[in-house]
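Peer 1: I'll drop the sequence and a predicted model, then ask my questions.
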Amino acid sequence: MSSGTSANTNTNANTSAGHRDFAGRSVIVTGAGSGIGRAGALAFAERGAKVVVADLNAESAAKVTAEIEQGGGAAVTVVGDLSEQSVVDRVTATAVETFGRIDVLVNNAGIMDTMSATADVTDAEWERLIRINLTAPFLLTRAVVPHMLEAGSGAIVFTASEAALRGSAAGAAYTVSKHGIVGLTKNLAITYRRHGIRTNAIAPGGTITNIRLDVDWDALGPQALRPYMAANVGEPAAAETQAAAIVFLASDAAANINGAILPVDNGWSAV
């Protein structure tokens with residue numbers, strides 16, 4: 001879940017050595033042109049990572065890459081729709097060819113639905129949500145895992161959602177796509193834990209990003225969901241708060257955390 005407009009905070013990649021725990025590591029961040037992805041890309045760079053900034057929007061992706069480079073960090077931009085295999089291949093190849101390895105994959109890119117009830121979801125909306133929110137991160141993960149297997153290590157972090165934990169946080173299509181992310185996260189964690197690869201996810205609650213809701217509040221889905229959301233969402237988090245959780249899960253500090261779905265939701269999941 002997300003709402004509002006992302007704060008435009010410039011992060012300097014030249015930090016003290018004590019905070020450069022990703023120095024020499026290569027990180028792919030999808031949806032890195034704005035919101036949680038942008039905050040994550042900047043946070044990894046601040047800690048010394050070399051970042052692949054992957055986004056559909058060429059202008060916003062280039063701005064993030066420029067911010068990282070201006071701060072003394074290393075970054076490269078890849079633009080395209082990650083639900084297309086050719087773009088997935090390009091992201092993976094760019095990371096390996098530019099930085100020599102892939103240490104961390106952050107599957108963050110995603111879109112919201114119209115909060116439609118099942119009977120009101122069109123084929124087009126269903127297919128778009130599943131393709132972008134679930135199939136695209138699957139395709140990129142499938143492409144990246146062999147490189148992590150070869151290295152004998154790696155960390156994968158997904159951006160799930162509060163809607164991955166319950167049925168009252170979004171429409172049918174979005175809810176299903178994010179529940180799918182939870183299943184993929186857990187399956188990856190079990191399958192590859194003996195190969196040095198950890199997989200976790202954050203489940204954001206309300207977050208200040210640039211995502212806009214296109215919702216008919218008089219329709220059945222929004223009418224049914226609105227009371228639950230109004231009562232439980234709480235104060236929205238900054239995108240940087242979500243990014244901090246992503247960085248933690250990818251870090252050595254989380255070395256024994258695998259298969260976890262971490263709510264970053266100001267207690268919404270406790271309701």
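Peer 2: Yep, that arrived.
Peer 1: Convert stretch 124-135 to CSV, retaining C-alpha atoms only.
Peer 2: Extracted C-alpha coordinates of stretch 124-135, given in CSV (Å, rounded to 0.1, in the frame of the first residue of the first chain):
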residue,chain,number,x,y,z
ALA,A,124,-7.2,-6.4,-18.6
GLU,A,125,-6.8,-5.2,-15.0
TRP,A,126,-6.2,-8.8,-13.7
GLU,A,127,-3.7,-9.6,-16.3
ARG,A,128,-1.8,-6.3,-15.9
LEU,A,129,-1.6,-6.6,-12.1
ILE,A,130,-0.5,-10.2,-12.1
ARG,A,131,2.0,-9.6,-14.9
ILE,A,132,3.7,-6.6,-13.3
ASN,A,133,3.4,-7.4,-9.6
LEU,A,134,4.0,-11.2,-9.7
THR,A,135,5.3,-12.5,-13.1
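Peer 1: list the buried ones in it?
Peer 2: The neighbour-count check on stretch 124-135 (16 or more other C-beta atoms under 10 Å) flags 125-126, 128-135 as buried. For glycine as for every other residue, the C-beta is placed from the backbone atoms N, C-alpha and C.
Peer 1: Could I get those in JSON lines, plus columns for pLDDT and distance to residue 243?
Peer 2: As requested, these are exported to JSON lines (pLDDT from 0 to 100; distance: C-beta to C-beta, whole Å):
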{"residue": "125", "pLDDT": "96", "distance to residue 243": "28"}
{"residue": "126", "pLDDT": "97", "distance to residue 243": "29"}
{"residue": "128", "pLDDT": "97", "distance to residue 243": "26"}
{"residue": "129", "pLDDT": "97", "distance to residue 243": "23"}
{"residue": "130", "pLDDT": "98", "distance to residue 243": "25"}
{"residue": "131", "pLDDT": "98", "distance to residue 243": "25"}
{"residue": "132", "pLDDT": "97", "distance to residue 243": "20"}
{"residue": "133", "pLDDT": "98", "distance to residue 243": "19"}
{"residue": "134", "pLDDT": "98", "distance to residue 243": "22"}
{"residue": "135", "pLDDT": "98", "distance to residue 243": "24"}
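Peer 1: quick one: buried residues of the helix or strand where residue 93 lies?
Peer 2: Residue 93 is part of helix 85-99, with elements assigned from DSSP states H and E. By neighbour count on 16+ other C-beta under 10 Å, the buried set for helix 85-99 is 87-88, 90-92, 94-95, 99.
Peer 1: from those, which single one is nearest residue 48?
Peer 2: Nearest to residue 48 among the buried residues of helix 85-99 is residue 99, at 12.3 Å by C-beta to C-beta.
Peer 1: which residues sit in contact with the closest one?
Peer 2: By C-beta atoms under 8 Å, 6 or more residues apart in numbering, residue 99 lies in contact with 26, 50, 52, 74, 76.
Peer 1: In three-state terms, label the closest residue to residue 130 other than its chain neighbours for me.
Peer 2: Leaving aside its chain neighbours, residue 130 sits nearest to residue 177 (5.5 Å; criterion: C-beta to C-beta, 6 or more residues apart in numbering). At residue 177, secondary structure determined by DSSP: H, G, I helix; E, B strand; the rest coil is helix.
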